[in-house]
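A.B. asks: Build me a structure from this.
(one chain, ligands or ions: 1)
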Amino acid sequence: MAEKANTAQITFEGKTQELPILEGTIGPHVIDIAKLYGQSDVFTYDPGFTSTAACKSAITYIDGDAGILLHRGYPIEQLAMNGDFIETCYLLYYGELPNKEQRKTFETAITRHTMVHEQMARLFSGFRRDAHPMAVMVAVVGALSAFYQDSTDITDPRQREIASHRMIAKLPTIAAMAYKYHIGQPFIYPRNDLPYAANFLHMCFAVPAEKYEVNPVLARAMDRIFMLHADHEQNASTSTVRLAGSSGANPFACIAAGIACLWGPAHGGANEAALKMLEEIGTADKIPSFIEKVKDKSSNVRLMGFGHRVYKNYDPRAKIMQETAYEVFDALGVADDPLLEVAKQLEQIALSDQYFIDRKLYPNVDFYSGIILRAMGFPTHMFTVLFALARTVGWISQWKEMIEDPSQRIGRPRQLYVGPTQRDYVKAEKR
Ligand code: CMC
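C.D. replies: Okay, the predicted model is just below:
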């Protein structure tokens, strides 16, 4: 394929076709192949979508080689150091940082939607207590469409906005309920006088029998963890949300689909897997033998919390997460936790090992998040739930952007068929 001015050419079976080149504001150009099949009877093949842009988006930009993550143009480091999660939600959803008035109105809207329909509490009792909270999340978030039918008309912008506010507001309540149900404690209602992250900690860790004071360092860390997970352009779960939404499905159903996708260990389940790995390694003297196992392809062992499809450099979120880990461990007086030590040493060894250098494998956001969440008191099976809670604003912003895009059509990938060619049915007695 040769490139000419702002078109590329493809020659197939002697016929040359001009393909437009589209330019984004930053990042690689894309070759627009939308008309390729119509004009030359050939598809493109890209399993895993490593070279395919599936949409236009103005929300998040990642430069994986430089380790840059921008939300609406703002570097994640600046947002994490100066702002908070509510402001990030507004930015992702509406496109600009809010002024004081806009923030107040938005925060009030979110706060007013934190409670869930009382009947939803009864849904939980249908689950086994040992059910994975992600299984509960998929079901309960999907069930929101049964409870909030007045915001499922996706053609009405106001209903879209209300559904979005509802999900940003109710996901912490549902996540906390999933946790409380799992440990057999009563549900704790939201407290609307508390900021978003502090309220979530309250719903998770307060009990009716005692007064609960939210530790401000932990609340700040929780808020930062939410910010660092808020959006990450067209990753697997976001693409799932977009694909589900492209059929016109209601937003609650789309977010439930995103949660299901996030559950996998190669995506949102990685922080749980990373912590399990650190626990299995246990002490720093076991690191070299573990690294050898990772390098031995036949072992199928990966260094969890390392490597990324897009980042071929340090994940910028990982640096902030590492600093947050130190803050939390200091605040809790457990700075000498052996797992933190294992994580630090493992990171240093991996960063200087040729295997990881050659493959550009660096720590990702999940490498430190697991140990922070564990120190805060969350059990491992809640980790992905917290990721889902934080990512909801990213999913819903991407969904809204897609629905409002006039060129939006149902997503329908094609395939390279490699099955049998046409053959005649053989009756059972002759097989
Ligand atoms: N440990 C050891 N080797 C690895 C790792 C790892 N974590 N990740 C990739 N490799 C190797 C892989 O074996 C392959 O080697 P070779 O070229 O010799 O066959 C090479 O690096 C390229 O790997 P890949 O599987 O083609 O890379 P990918 O872009 O398809 O995978 C990934 C990306 C994130 C799935 C992968 O790096 C991984 O499994 N990491 C561990 C899981 C993890 O931490 N996931 C969280 C991602 S960040 C959170 C999120 O966005 O969801």
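A.B. asks: My assumption is that R317 lies in a strand; please confirm.
C.D. replies: No. Secondary structure of R317, determined by DSSP: H, G, I helix; E, B strand; the rest coil: helix, with no strand assignment.
A.B. asks: what sits against I168?
C.D. replies: Shown in contact with I168 (CB atoms under 8 Å, 6 or more residues apart in numbering): 89, 93, 110, 113, 392-393, 396. Bear in mind the C-beta positions are built from the backbone N, C-alpha and C, glycine included.
A.B. asks: give me that answer again for 6 Å
C.D. replies: Residues in contact with I168, defined by CB atoms under 6 Å, 6 or more residues apart in numbering, are 89, 110, 393.
A.B. asks: Which of the residues you listed fall within strands?
C.D. replies: In strands, defined here by DSSP state E, there are no members of the contacts of I168.
A.B. asks: Of these, just say which sits nearest to the ligand.
C.D. replies: Out of the contacts of I168, the one with the shortest distance to the ligand is V393. That distance is 15.5 Å, counting by CB to the nearest ligand atom.
A.B. asks: Quick one: residues in contact with whichever strand or helix holds V217.
C.D. replies: Per DSSP states H and E: V217 is located in helix 216-228. Defining contact as CB under 6 Å, 6+ apart, one finds that helix 216-228 is touched by 80, 84-85, 88, 197-198, 201, 317, 324, 328, 331, 365, 376, 390.
A.B. asks: Tell me the buried residues in stretch 150-160?
C.D. replies: When burial is assessed from 16 or more other CB atoms under 10 Å, stretch 150-160 yields the following buried residues: 151-152, 154, 159-160.
A.B. asks: returning to what we had before: same for the ligand: which of the contacts of helix 216-228 are within range?
C.D. replies: Cross-checking those against the ligand (CB under 6 Å from any ligand atom) gives V365 as the overlapping residues.
A.B. asks: Least confident of the contacts of helix 216-228?
C.D. replies: Lowest pLDDT among the contacts of helix 216-228: V365, with 87.
A.B. asks: Got phi/psi on A139?
C.D. replies: The phi/psi pair for A139 (degrees, to the nearest 10) reads phi -70, psi -50.
A.B. asks: Please list all residues in contact with it.
C.D. replies: Residues counted as contacts of A139 (CB under 6 Å, 6+ apart): none.
A.B. asks: repeat for A80
C.D. replies: Contact analysis of A80 by CB under 6 Å, 6+ apart lists 224, 227, 320.
A.B. asks: Tabulate these (CSV), appending pLDDT and neighbour count.
C.D. replies: Conversion of these to CSV gives the following (pLDDT from 0 to 100; neighbours: other CB atoms under 10 Å):
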residue, pLDDT, neighbour count
R224, 96, 25
M227, 97, 25
I320, 92, 21
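A.B. asks: Turn those into CSV, including distance to A135.
C.D. replies: Conversion of the contacts of A80 to CSV gives the following (distance: CB to CB, whole Å):
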residue, distance to A135
R224, 28
M227, 27
I320, 30
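A.B. asks: from these, which are also near the ligand?
C.D. replies: Taking CB under 6 Å from any ligand atom as the test, the ligand is in contact with none of those.
A.B. asks: Just the closest of those residues to M137, please.
C.D. replies: When those are ranked by distance to M137 (CB to CB), M227 comes first, at 20.2 Å.
A.B. asks: Start from the N-terminal end of the stretch 251-400 of the chain and give the helices.
C.D. replies: When assigned using DSSP state H, counting those that start in this stretch, the helices of the stretch 251-400 of the chain occupy the ranges 251-262, 270-281, 287-295, 316-331, 338-352, 354-358, 366-376, 383-404.
A.B. asks: Now the chain against the ligand: closest residue?
C.D. replies: With CB to the nearest ligand atom as the measure, G307 is the residue of the chain nearest to the ligand, at 2.4 Å.
A.B. asks: wait, isn't that residue in contact with Y362?
C.D. replies: No. G307 is not in contact with Y362 according to CB atoms under 6 Å; the separation is 7.6 Å.
A.B. asks: ChimeraX command for the buried members of the contacts of helix 216-228?
C.D. replies: Written as a ChimeraX command, the selection of buried residues from these, which uses 16+ other CB under 10 Å, is:
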select :80,84,85,88,197,198,201,317,324,328,331,365,376,390
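A.B. asks: coming back round to it: redo the contacts of I168 as a markdown table? Include neighbour count, pLDDT and distance to K35.
C.D. replies: Supplementary listing: the contacts of I168 in a markdown table, determined by neighbours: other CB atoms under 10 Å; pLDDT from 0 to 100; distance: CB to CB, whole Å:
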| residue | neighbour count | pLDDT | distance to K35 |
| --- | --- | --- | --- |
| C89 | 29 | 98 | 37 |
| I110 | 21 | 97 | 43 |
| V393 | 26 | 98 | 35 |
